[in-house]
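# Return atomic coordinates for the entry below.
(chains A, B, C and D)
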Number of protein chains: 2
Amino acid sequence: MARKYERVADDLRRKILRGELAPGEQLEAQTSLAERYRVSLPTVQQALGVLEAEGLLDAIHGIGTYVRANKQPLRRKADRYQWEKNRALLSEEERKATGGTEHDTGLNVDDLEFYSEYHIEEADHDLAEALEVPPGTRLLHRAYQTSIKSERTVISMSDSYLVYDMVAVNPDLLDASNEPWPGGTHHQLRTAGIEIDRVIDEVSARPPRGDETELLGIKPGVAVLTLRKTSYDVDGRVIEVANAIMPGDRTILTFETKLERWPS
Amino acid sequence: MARKYERVADDLRRKILRGELAPGEQLEAQTSLAERYRVSLPTVQQALGVLEAEGLLDAIHGIGTYVRANKQPLRRKADRYQWEKNRALLSEEERKATGGTEHDTGLNVDDLEFYSEYHIEEADHDLAEALEVPPGTRLLHRAYQTSIKSERTVISMSDSYLVYDMVAVNPDLLDASNEPWPGGTHHQLRTAGIEIDRVIDEVSARPPRGDETELLGIKPGVAVLTLRKTSYDVDGRVIEVANAIMPGDRTILTFETKLERWPS
DNA sequence: GAGTGGTCTAGACCACTGT
DNA sequence: CAGTGGTCTAGACCACTCC
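So this is what the prediction gives:
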């Protein structure tokens, strides 16, 4: 009762995992595969779609379908939060040298490209609830995109929301042209007299929306990881809510939980 | 340039989000939708597939397609680890009362159903590396499935691996018929003289494999969250490696990071 | 049997790339 | 131009559910 496209996908997957099809190698054309497996073209395409979603194949329009070379996995560790907070205390010289993403991935700041955009908006229902403010409250919305220079694709996009009145005490914070701000958000907030005390991450997964497939350079079917980060200050107020999206086929989020010792 | 199936999916999505199609409501038949949108049947089906993957629709074979009623989201909080560790110290009476999943979701132990299976296996390359033992080392493999009684579907499946020789000192631990063990893994390990000190979670997302779609009751296209949990004891040894899989359309993993204060 | 969703086909046609 | 992948169609046929 197995579906035909699954039989085809299973066979190709097996060949890839066994190494019979080497990374970087070009597959036969779809029409040729259709003949070989005695199935129709749409069936072959569905099978290839499954393997693309799994990250095993890359189909390039007009060129061919290739076994994907192992892309460097992107790790994002939660200890970056402590690292970022500490960094806010360093000299400007030191702060300029690196950012959070390099801390995670081991990439250099020169390998990465950042894009940011600031808007002033009013809180919708969801954001108002997350920020614990009334709907309609004025917010500073900062949209970020991080990409690897050597690839054409974005590896993470993130939307950060701050309550406007909390950060407006330092007008420099409202100006996107000051990005990338040396020392990151913690240093920005420090200039506004705010200290972050704890961060809560909520992680889920879903298929990508149409615009996200283009930006992240993934096919529909590849899952994306979603992360909502909520930052609380030392008085327990919500300071920042950020929604981030990363491609699921190459991103690993890591978290460490330290446990209290049993009494002896 | 938008694809036709996206136009159809976008239109239906908009109607659902606006409430023009209420949760629980049945959609027109696919053939009827095809006429309405002036597209072919496969195109309608592709559009519906997108919305199913997003968790907005449930198509039931032979019955119809329905706007999905909001399923209860399943939260899994990392503070369950501390909670589970503390539980190992309670009396047997108290330990029997609850388990980790109830702690997370607020569900009662009576609402949930557990299934477990034990095997003895040899470590493959991946597991050997994760457990920091030589390949071929004898392992105790425990496979767990958790489901909600009122639904027919599994909400999480997990495979836990322990080094056989570490736990064999207590033969009761090798017997699946002792599950569910009151007090969970921490209590089990305590009887073997092992105390867990820290846990590292690695989270990613991918499309489901064929067998997972059936078990988790999801359609291909719905993303699954994958979690690898590595537990270290107080001497820094790896004690347990567990791989868990959860449906991405209703699971939220949460983690808290406490930050050190700045010096004043 | 009637109505529903699920899978597959043969083939048309388009879009992209490199020569 | 030839060769590749991408989208869509009309329709056949099957599987499931309810009456």
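
# okay, how far is it across stretch A:159-173, tip to tip?
This stretch, stretch A:159-173, spans 16 Å end to end (Cα to Cα, to the nearest Å).

# what comes up buried for that stretch?
By neighbour count on 16 or more other Cβ atoms under 10 Å in any protein chain shown, the buried set for stretch A:159-173 is A:159-164, A:166-167, A:173. All C-beta atoms are positioned from the backbone trio N, CA, C, and that covers glycine.

# Relative to DNA strand C, which of the residues you listed is nearest.
Among those, A:Asp159 lies closest to DNA strand C (Cβ to the nearest atom of the strand), at 28.8 Å.

# Strand partners (parallel or antiparallel) of whichever strand or helix holds the closest one?
Assigned by DSSP states H and E, A:Asp159 falls within strand A:154-163. Strand A:154-163 has its sheet partners listed here by DSSP bridges as strand A:138-148 (antiparallel), strand A:238-247 (antiparallel).

# So which of those is nearest A:Asp11?
strand A:238-247 (26.3 Å; Cβ to Cβ).

# From the chain's centroid, how far away is the closest one?
Here the centre of strand A:238-247 is set off from its chain's centre by 10 Å, with Cα atoms, centre = their mean, to the nearest Å.

# Just the C-alpha atoms of the helix or strand following that strand, please, in CSV.
Later in the chain than strand A:238-247, the nearest helix or strand by DSSP H and E is strand A:251-258. What follows is strand A:251-258, C-alpha atoms only, in CSV (Å, rounded to 0.1, in the frame of the first residue of the first chain):
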residue,chain,number,x,y,z
THR,A,251,19.8,24.9,12.3
ILE,A,252,20.3,23.4,15.7
LEU,A,253,19.3,25.3,18.8
THR,A,254,21.0,24.2,22.0
PHE,A,255,20.0,24.8,25.6
GLU,A,256,21.6,23.8,28.9
THR,A,257,19.8,23.1,32.1
LYS,A,258,21.8,22.9,35.3
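
# Neighbouring strands - and their directions - for strand A:251-258?
strand A:74-77 (parallel), strand B:196-206 (antiparallel).

# Mean pLDDT, mean neighbour count and distance to DNA strand C added to those strands, as TSV?
As requested, the strands paired with strand A:251-258 are exported to TSV (pLDDT from 0 to 100; neighbours: other Cβ atoms under 10 Å in any protein chain shown; distance: least, Cβ to the nearest atom of the strand, whole Å):
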stretch	mean pLDDT	mean neighbour count	distance to DNA strand C
strand A:74-77	91	19	25
strand B:196-206	97	20	20
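
# Can you tell me what sits against stretch A:62-78?
Outside stretch A:62-78, the residues within contact range by Cβ atoms under 8 Å, 6 or more residues apart in numbering or on different chains are A:16, A:21-27, A:29-30, A:48, A:55-60, A:103-105, A:155-156, A:199, A:201, A:246, A:250-256, B:255, B:257.

# hmm, try it at 6 Å
A:16, A:21, A:23-27, A:56-59, A:104-105, A:155, A:250-255, B:257 (Cβ atoms under 6 Å, 6 or more residues apart in numbering or on different chains).
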